[in-house]
Structure formats: structure tokens, C-alpha cells
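[1] My questions concern the predicted model and sequence given below.
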Amino acid sequence: MAICLGSFMLLLDVTIVTVALPDMAADLQASFTSLQWVLDVYALVLAALLLGAGSLADIVGRRRAYVVGLALFALGSLACGLAPSAGVLITARGVQGIGGALMFATTTAMLNATYAGRDRGVAFGVWGAVNGAGSALGPLVGGLLTEHAGWRWIFLVNLPVSVLTVALTLAVCAETRRPGVRVDVPGILSFTVFAGSLTYALIRAGEDGWGAVSTVSFLVLAVVAIAVFLAVERRVEHPLLDLALFRSTSFAATIVAGLLLMAAAFAMLAYTSVWMQGVLGLTPIEAGLALLPMAACSFLVSAVAGRALQGISPRWTVGIGMVLIGVGSALQGLVRADSTAWILVPGLAVVGIGVGLAIPTLTAAAMSAAPPQLGGMVAGTLNTARQLGYALGVAVLGLVFRSAIAARVDDPALVGAAASGQAPRLPMVQEAVAAGLRDGYLVAGIAGILGGVLVLALVRPAVRRPEVAQPAAA
């Protein structure tokens, strides 16, 4: 329960802010760029530090790292809830991300050490269901808290949960370590610079254009940083990421699919919420309920598919799931200026079916393409790719969304207001925001279908290896 509570909370906070963005923008006088960073910085820090946090936890102890992560997460949540400005809110979200990385990196190892045999399978099943529920219920929980208590409570509610989780962890979880591990500090730093620079460049491109000095400078910095990261990982004794893994086309395709899945399925939800509240005039609760078909279909399909499709290769479940995500995103691109929220229901349902098929078997697909002794690294790499995919998806699709609005609205101030849900409900604004959604969902649809095609074409059935006595990596 201690591990599930922490996992639920940190994954809930990836999507809980989705329906609160218009209220945040109005209260803090935040720009569209600031709103993107409120979404992005949490997932970005989580992705950048996840692999390094796992190594650090192996050294200092998984339980200790988990408790420190909970404390940082609670501190960041308190700062978010009290933030007087968008800048403070963004910084506090980054602190949440640091805590989340320590928590996320230790959960599977703690479960693996706590349970054995059939109990371990049951524990991971419950943990997986809780993870899915956390991500899926974020918009609805965020809508309920925003409408009835105010947007600040989507963060402040984490405080009592964090205290309870710390107490449970200290009471029931044993300390475990893995001796002989070293932290790849140059790898962590270079990957963090790469991810942050690339995301910042994409967001600035929407504000200043591709030719702006800030955009070009950070794109160059991102290229240099990833080159340094690759050079470090080739030479360091204990790498964050063994680059030899990517010699397997199955592994490479699975990691790319994890990145594209999060971008295609979830990154447009924030801008959809802006349309629902800023153009259609829905309340935060109504916006959260309108997004519920995706969560419901995802939960139902994953629950059924877990048993019914056990003998099916992950190539088919992940590949077909990704294609469905792409098709569902394209269906949501049918929105027009006079559409209601009902236009999204078929597309959301199809995306939910795709997510329910793909996510439960994505880890199995990655694991089957790598040596068993690298299971922890493989799981960390896949989780990093998924969080980075969400962060980059928010940036790229935000650029597409804003560009479509700017092409139809002449006033720069009105462009920013329309993109953040603060503009008057004029026919021109309604058409511009609908066009932004159409373009964004088209790109998301292409990303989903591309990911599915890659998996279907490149992922091959796993070679059966002899059974070993030690437990498999979670």
C-alpha cells in the first residue's frame, strides 16, 4: 500500500493539472508559454533524473531514497499550492519532479524485494492497476478539486497523502541496497541538459519563431549535449544506458514507441481542456468528465487484455494499440468551430482502447528484447522515454496548436489569450482554437500510427532463454 500510494500520487500529478490550466492562467496572469512549462517541467525533470535516481537509490538504500523523494514531492506540492506567480509554480513543479524521480525509480525494486512467488505477481498487478488509475483519473480529480476547492488544492491534497505514505513506508518496508553501483554523474548532467534544452527550444519556437537567437542557441546546445551523453555512455564503467541495447531493432522500436505513445495519447489533452473551458464554457468538472471515455476504455481493456492476450506477442498488442491511438487522435481532429464536446467521444474511446492494449505489454516487449541482467536499466529507459515523450509532445503539439491560432488571429495578445483559454468567445477565436486542435490531433495521429508501424515492422518474437533461479527484474 505504501508503494501504491506514492505511485498513484506521482502519476496523478502528471495529468491532474490538465483541467486546471485556465484557472491557473487567470489567477496568476500566466502566459501560454508559462502554462506549457507548468505541464512540461514535472515530466521533464522526472524523465531526466529517472535513470540516475535508480543508481543513487541502489547506493543509499531504496527505502531511504523513496522517503526522501516523498519529502521533496510534498515540499514541492506545498510550494505549488502557495505559489504567488507562474515562475514560482514552475520551479515548485520541478522540485516535485525531483521527488517523483526518486520515488518512481525505487518502486519496482522495493516491490521485487518485498514479495516473492505468487505474491509478487499479485503485487505487481495491483501496482500496475494503480499506476493506470493515477494517470487516467488525473483530469477528473483535477476538475473536482479545481471547481469545489480551487486549483491550488490539486497540489495541497498531496500533503496528507505524503505524510501517510512516509509513515507506512518506514513501518512496513525493509531497506535494500545493491553494492558496487556508481552514479554516472556526467551522463545525468548531459542528458538533463539535452532534454531541457530541446524542450525549451521547442517552446520558444512557438513564441519567437524558429530563426530566433534563443531557439537556435538552445537547439545547438541540445545537439552538443546529446553528443556528449553518447560519448560518455560509451566510455563510462557503469553507464546510465548501455548503448549496445539499441543494436536490437526490437528494443529500439519499443523505446521509440513508448516515447510516441505518450505524445500521441496524452499531450493534446491540455489544449483540449483549454478549448472545452475557454471556448465551450464547460466547468472544470465537466471538462474532466468529457475526457473520461478514454480513461474508462483504457482501464476496461487493460483489465481484460491482461488475461485474454497472455499468449499473444507484444509486437501485436503494442503495434495494434499504437495504431488505434493514432486513429483515435485523428478522429478527435474532426472538431469544428461549432462542435460540442461530444465530437471527441469516439476518438477518446478509440485512444483508450489503444492505450489499454499497448501500455500493459510495452514493458514486456522491451524486456524480451534485452538480456535479463539488464532488466532494471531497460525498465528505467522505457519509463524515461515515456515521460520524455510526454514533455516533448506537450512542447511540439503546443507549437502546432499556437501556430494554427496565430495564422487566423492577427492580434498577438489575442493569440496568447486564445491559446490559454482567456480570450473572449468570438467566432474568430472559436475557429482559430478549433483549427489548433485539428492540426495538433493530426500530428498526434501521425505519431501514433508511425509508432505502431515501427513496432509491427521491427519487433520480433523473443528468443526463449533458459530459466534461472533468481527472480526476474520487475
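    Perfect, thanks for sending it.
[2] burial of G281, as a residue count?
    The burial count assigned to G281 is 9, neighbours taken as other C-beta atoms under 10 Å. (Each C-beta comes from the backbone N, C-alpha and C, glycine too.)
[3] Hmm, it is touching R425, no?
    Yes. Assessed by C-beta atoms under 8 Å, G281 is found in contact with R425 at 7.2 Å.
[4] Tell me where the model's unsure across the protein.
    117-118, 120-125, 128-129, 131-133, 135-136, 179-181, 305-310, 373, 375, 461-474 (pLDDT under 70).
[5] Could you chop it up by domain?
    1-182, 185-237, 244-474 (automatic domain parsing).
[6] what distance separates the shortest one from the middle of the whole chain?
    Its chain's C-alpha centre and that of domain 185-237 lie 19 Å apart, by C-alpha atoms, centre = their mean, to the nearest Å.
[7] Over to stretch 168-178?
    Worked out by C-alpha atoms, centre = their mean, stretch 168-178 lies 27 Å from the chain centre.
[8] what does it rub up against?
    1-3, 5-6, 58-64, 66-67, 70, 109-110, 113-114 (C-beta atoms under 8 Å, 6 or more residues apart in numbering).
[9] In helices, which of these fall?
    2-3, 5-6, 58-60, 62-64, 66-67, 70, 109-110, 113-114 (DSSP state H).
[10] Just the buried ones from those?
    The neighbour count (16 or more other C-beta atoms under 10 Å) marks 2-3, 5-6, 58-59, 62-64, 66-67, 70, 109-110, 113-114 as buried among the ones in helices among the contacts of stretch 168-178.
[11] where's the closest residue to V236 other than its chain neighbours relative to A43, distance?
    Excluding its sequence neighbours, the residue lying closest to V236 (C-beta to C-beta, 6 or more residues apart in numbering) is D184, at 5.4 Å. Computed as C-beta to C-beta, to the nearest Å, the D184 to A43 distance reads 22 Å.
[12] The residue nearest to V236: how many residues sit nearby?
    For D184, using other C-beta under 10 Å, the count is 22.
[13] Now it: phi and psi?
    phi -80, psi 80 (degrees, to the nearest 10).
[14] For it, give its distance to L240.
    From D184 across to L240, the span is 5 Å (C-beta to C-beta).
[15] follow-up on the earlier one: now for the buried ones among the ones in helices among the contacts of stretch 168-178: which two are most distant?
    Greatest spacing in those, by C-beta to C-beta: L5 and I59 (24.8 Å).
[16] Neighbours of T340, how many?
    Count around T340 with other C-beta under 10 Å applied: 12.
[17] Let me fix that, I meant to ask about R408.
    A total of 16 residues lie near R408 under the criterion other C-beta under 10 Å.
[18] residues touching it, list them.
    R408 sits in contact with M428, E431, A432, A435, where contact means C-beta under 8 Å, 6+ apart.
[19] Which one of those residues sits in the busiest neighbourhood?
    Counting neighbours by other C-beta under 10 Å, A432 comes out on top of these with 24 neighbours.
[20] Could you list which residues are in contact with it?
    A432 neighbours (C-beta under 8 Å, 6+ apart): A404, I405, A407, R408, V409, A418.
[21] Phi first, then psi, for M268.
    phi -80, psi -10.
[22] Wait, it touches Y441, no?
    Yes. Between M268 and Y441 there is a contact at 5.9 Å, judged by C-beta under 8 Å.
[23] Touching both of the two, which residues are there?
    In contact with both M268 and Y441: S329, Q332, using C-beta under 8 Å, 6+ apart.
[24] quick one: stretch 323-341 to chain centroid distance?
    With C-alpha atoms, centre = their mean, you get 21 Å for stretch 323-341.
[25] Could you give me the buried positions within that stretch?
    For stretch 323-341, by 16+ other C-beta under 10 Å, it's 323-333, 335, 339, 341.
[26] again, but for stretch 451-458
    For stretch 451-458, burial by neighbour count (16+ other C-beta under 10 Å) applies to G451, G452, V453, L454, V455, L456, L458.
[27] G352 reaches S302, doesn't it?
    No. Between G352 and S302 there is no contact, the gap being 9.4 Å when judged by C-beta under 8 Å.
[28] Tell me which of the two has more neighbours.
    G352 (27 against 23).
[29] give the contact list for that one.
    P293, M294, A295, A296, C297, S298, V301, G328.
[30] what's the burial count for the third one?
    So that's A295. Close neighbours of A295, defined as other C-beta under 10 Å, add up to 23.
[31] So it: helix, strand or coil?
    Assigned with DSSP: H, G, I helix; E, B strand; the rest coil, A295 falls in the helix class.
[32] Hmm, V455 and L260 touching each other?
    No. Using C-beta under 8 Å as the test, L260 is too far from V455 to be in contact (9.6 Å).
[33] which residues do these two both contact?
    What both L260 and V455 touch, as defined by C-beta under 8 Å, 6+ apart, is the set M322.
[34] And N383, its phi and psi?
    phi -60, psi -40.
[35] From Y66, how far off is it?
    Taking C-beta to C-beta, one finds N383 at 15 Å from Y66.
[36] Same question for N158.
    15 Å.
[37] Equivalent analysis for P427, please.
    Relative to Y66, and taking C-beta to C-beta, P427 is found at 52 Å.
[38] now do V394
    Counting by C-beta to C-beta, the gap from V394 to Y66 is 27 Å.
[39] tally of neighbours for F401?
    By other C-beta under 10 Å, neighbour count at F401 equals 32.
[40] Equivalent analysis for the one 10 residues further on, please.
    Residues lying near D411 (other C-beta under 10 Å) number 12.
[41] do the same with L145
    For L145, the neighbour count with other C-beta under 10 Å is 23.
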